[in-house]
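Visitor: Pasted the sequence and its predicted model underneath.
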Amino acid sequence: MTGPLSGVKVLDFSSTFSGPFCTRQLADLGADVLKVEAPGGDVTRNLGTSREPGLGSVFVAGNRGKESIVLDLKDDSTRETIDGLIGQADAIVHNMRPTAAEKLGIGAERALRLNPRVVHLCITGYGTDGPYGERPAYDDTIQALSGLAWLQGLHTEPTYVATAIADKVAGLTAAMALTAALYNVERTGVGQAVEVPMYETMVGFNLMEQWGGRAFLPPMGDTGYARMRSAYRRPYRTSDGVIAVVVYHEGHWRRFLDAVGQGHLLELEEFRTAKARNDNIDTLYELLSVEMATRTTAEWLSLLEALDIPVARVQALDDLFEDEHLRAVDFFQECGEGDDRYLAARPAVRFSATPAPEARDMRSADRLGAVDPLAPRWASGTDSR
């Protein structure tokens, strides 16, 4: 397998979303990921659309590039096999509560005793040193507790983002943390335990631009960023559709307001500076909303592109498969053969010296039990594809 992580062996005990999304990022970078499933398989095997039992669309998308074996971690007869895999691994990933991992013999302390160079990464719901440490956690509960559901519903009712954003942000953060820890192993020869709590990760993620007065001591006010929280910050209705427009800095506003015959507004005290515009953003965004309705989508796209103001059509997910840019960059790729063909998104990141593998060249998600758990590629030393 090609890629900057080619040759790195990742032992994946994770399930559902956050862990598999993490290890799929690693596989996309060329790592050799061995996924260990319980006898019943990962719960996501039957989520989404299925062409056959055990290979639902969610599982197929999240587990390409990985080899899957079935091992019952509760069965003592598998201990020797598991320990052997831990001994060969460069990294271990799981998203169980740490106490559960310890009972199953794959906790950090035991893993590092068996393999002092291994990076043992655990995605938890909450930091284990806090009072929430042993709580179960899923994407919805983390969205709620982290303030994201509240933010999404500022002008209606609290609501969830319609994607597993907490799981996926935690998975991306875990992939970043694991890569950093692997680099440290190369420098020092010392492995370590890494904990990635979903809750703390999402609180930091949500607050980046939302600190507001809470950023200072003593506090100068509540959290908030007026532009992000404006009721008028939304895709705008044109006379025949919907578009997204970002009139952001002074140059954008000057060009836009001149184009619609409102250039004099920037001479007013409430719009003269960036701070003043941010303080009065509702007024400006309301004006945008009114102006957008006066022309067609095509007219606005033409005008705003000519003015170098960021603008985009609002696309449905199904529209993406016909998007001219995504077609031009070969983003969606046909994978597999015959009746096992499927469509996948290639890794988005491009490397000049260590190119990431193309989706079409990666291993398709395995059927449950298709690989002999006593003879994965790690044991044979064969190519990970």
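Guide: Perfect, I can see it now.
Visitor: tell me the contacts of Val58?
Guide: Thr44, Leu47, Gly48 (C-beta atoms under 8 Å, 6 or more residues apart in numbering). All C-beta spots, glycine's among them, are computed from the backbone N, C-alpha and C.
Visitor: my guess is the first one meets Pro20, correct?
Guide: Yes - contact status for Thr44 versus Pro20: in contact at 7.1 Å, counting by C-beta atoms under 8 Å.
Visitor: Of the two, which one has the most company?
Guide: Using other C-beta atoms under 10 Å as the criterion, Thr44 and Pro20 rank with Pro20 on top: 27 against 19.
Visitor: Local confidence estimate at that one?
Guide: pLDDT, Pro20: 97.
Visitor: Make 4 the first number, not 1, from now on.
Guide: I'll keep to 4 as the first residue from here, and by that count the last item is Pro23.
Visitor: which residues are common contacts for Thr47 and Pro23?
Guide: Common neighbours of Thr47 and Pro23, using C-beta under 8 Å, 6+ apart, are Gly65.
Visitor: Need the residue closest to the centroid of this structure.
Guide: The chain has Lys171 as the residue nearest its centroid, 3.3 Å off, counting by C-alpha atoms, centre = their mean.
Visitor: count of neighbours near Glu272?
Guide: Other residues close to Glu272 by other C-beta under 10 Å number 8.
Visitor: Angles on the backbone of the residue of the chain most remote from its centre, please.
Guide: Within the chain, the residue lying farthest from the chain centre (C-alpha atoms, centre = their mean) is His267, at 43.2 Å. Main-chain dihedrals, His267, degrees, to the nearest 10: phi -60, psi -20.
Visitor: Tell me how far it lies from Asp321.
Guide: Going from His267 to Asp321 by C-beta to C-beta, to the nearest Å gives 43 Å.
Visitor: where along the stretch 54-203 of the chain do the strands fall?
Guide: Taking DSSP state E, counting those that start in this stretch as the criterion, the stretch 54-203 of the chain carries its strands at 69-73, 94-97, 122-127, 195-200.
Visitor: mean pLDDT lowest for which of these?
Guide: In terms of mean pLDDT, the lowest-scoring of the strands of the stretch 54-203 of the chain is strand 69-73 (a mean of 95).
Visitor: Contact partners for the closest residue to the residue nearest to the centre of the chain other than its chain neighbours?
Guide: Of all residues not flanking Lys171 in the chain, Phe24 sits nearest, at 5.3 Å (C-beta to C-beta, 6 or more residues apart in numbering). By C-beta under 8 Å, 6+ apart, the contact set of Phe24 is Gly65, Asp170, Lys171, Gly174, Leu175.
Visitor: Give me the subset of these that lies in helices.
Guide: Among these, DSSP state H puts Gly65, Asp170, Lys171, Gly174, Leu175 in helices.
Visitor: Scan those and report the most crowded one.
Guide: Most neighbours among these, by other C-beta under 10 Å: Gly174, with 28 neighbours.
Visitor: where's the closest residue to that one other than its chain neighbours relative to Leu329, distance?
Guide: Leaving out its chain neighbours, the residue that sits closest to Gly174 by C-beta to C-beta, 6+ apart is Phe24, at 3.3 Å. Between Phe24 and Leu329 the distance is 20 Å, computed by C-beta to C-beta.
Visitor: helices and strands of the protein: which one bottoms out on pLDDT?
Guide: Among the helices and strands of the chain, helix 380-383 carries the lowest confidence by mean pLDDT, DSSP states H and E, at a mean of 64.
Visitor: buried stuff in stretch 345-356?
Guide: Applying a neighbour-count criterion of 16 or more other C-beta atoms under 10 Å, one finds Tyr345, Ala347, Arg349, Pro350 buried in stretch 345-356.
Visitor: Pro221 versus the residue nearest to the centre of the chain, what's the distance?
Guide: In this view, Lys171 and Pro221 are 36 Å apart by C-beta to C-beta.
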